[in-house]
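Participant: Predicted model, plus sequence, below.
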Amino acid sequence: MKRRSLGLATLAILGIPLTVYSAKAIKLFCIGDSIVASGFPDENLIILLGPSFDVFAAGSSHCTALRNTNVNIWTKGRWTEEWKFQPDAVTVMLGTNDTKDANWIPYGKNFEKDYGDVLDTAGSVQSKPVVIPVLSPPIFSTGIIRNDVMV
């Protein structure tokens, strides 16, 4: 039997007041990098949350929150889809690709502002969604991604 655990995102999402949305499914839009694109919401949140949630996974591989990188959420993100979906809640899980040396060394000082701008943009949809920042999973090996940076 495969063991599943409730992650931080799931716990935060479960905290959304369900009484407000009793007549319809809660629309959850998930912004992130390849972790989101490869099935983080599909495999976990949809199963755990059930039919009372309509989950849209909008991950973009290799994306960063940092604006000045060659693959960032600002140019490769799926913002148009969020505007059309009109979510009740948005999760944002970015940071893993930001810690690559090629990104972090020259631009890491901008991470807090750029990530804050992502959160503000995610919440600027007409539906005024609750925005839930999600902690990226830890990195346990060395290589092109820095494992000494906590974002």
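Facilitator: Received it, and whenever you're ready, just let me know what you need. Numbering: from 1, shown residues only.

Participant: among the helices and strands of this protein, which has the poorest mean pLDDT?
Facilitator: With mean pLDDT, DSSP states H and E as the measure, the helix or strand of the chain carrying the lowest mean pLDDT is helix 8-14 (a mean of 51).

Participant: Tell me the buried residues in the biggest helix by length in the chain?
Facilitator: What stands out as the longest helix in the chain, according to DSSP state H, is helix 111-122. Taking 16 or more other Cβ atoms under 10 Å as the basis for neighbour counts, the residues of helix 111-122 that come out buried are 111, 114-115, 118-119, 121-122. All C-beta spots, glycine's among them, are computed from the backbone N, C-alpha and C.

Participant: Repeat that for stretch 123-140.
Facilitator: When neighbours are counted by 16+ other Cβ under 10 Å, the buried residues of stretch 123-140 are found to be 125, 129-134, 136.

Participant: Ok, stretch 85-99 next?
Facilitator: Along stretch 85-99, the positions that meet the burial threshold by neighbour count (16+ other Cβ under 10 Å) are 85, 87-99.

Participant: For that stretch, give the mean pLDDT please.
Facilitator: With pLDDT averaged residue by residue, stretch 85-99 scores 94.
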